[in-house]
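*Asks:* Predicted model, plus sequence, below.
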Amino acid sequence: MSKRAVAGTTPGGAYSPGIVAEGRFVYVSGQGPVRGGAVVGESTAEQTRIVLQNLAAVLAEAGATLADVVKCGVFLADIADFGEMNAVYAEMFPQPLPARTTVGAALLGMKVEIDCVAVLPPGQPA
């Protein structure tokens, strides 16, 4: 198997922000609403927007965009915030929307975390 690490954000632990595997698949680690090492954004909507911007930064380093995402995992500190997260998510992802799973989880001070899998568009380096 071939794989290469992708930057785009600064990891908060022992992991890569993203990995390109087999030349086409981009696996992006869970991204939080973090800027400069600190959690930012008061509302779930604000945090979701920041999370998706961070996700987009990792994807860009790999040569992909949010349009190339095929699957997301969304983790909410309070599942009651689903509607607020979903509104921003629907605004930022183009059609067709990626497949998605959303679950409640303890998130260490964050309201939302999102990971994803994308497929690089043709012509991108492996």
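*Replies:* Looks like it arrived, so ask away.
*Asks:* Only C-alpha atoms from now on, for both contacts and neighbour counts.
*Replies:* Noted.
*Asks:* which residue sits closest to Thr10, ignoring its sequence neighbours?
*Replies:* Leaving aside its sequence neighbours, Thr10 sits nearest to Pro17 (Cα to Cα, 6 or more residues apart in numbering; 7.1 Å).
*Asks:* what's the spacing between that neighbour and Leu120?
*Replies:* 16 Å (Cα to Cα, to the nearest Å).
*Asks:* Please apply the same query to Gly36.
*Replies:* From Gly36 to Leu120 the distance is 28 Å (Cα to Cα).
*Asks:* low pLDDT regions in the protein?
*Replies:* Applying pLDDT under 70 to the chain flags the ranges 1, 124-126.
*Asks:* buried sites along stretch 63-80?
*Replies:* By neighbour count on 16 or more other Cα atoms under 10 Å, the buried set for stretch 63-80 is 63-77.
*Asks:* And the helices in the protein?
*Replies:* Along the chain, counting by DSSP state H, helices occupy 44-62, 82-92.
*Asks:* mind putting those helices in TSV, mean neighbour count and distance to Leu107 included?
*Replies:* As requested, the helices of the chain are arranged in TSV below (neighbours: other Cα atoms under 10 Å; distance: least, Cα to Cα, whole Å):
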stretch	mean neighbour count	distance to Leu107
helix 44-62	22	12
helix 82-92	15	15
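*Asks:* before we move on, could you check phi and psi at Gly63?
*Replies:* Gly63 adopts backbone torsions of phi 100, psi 20, taken as degrees, to the nearest 10.
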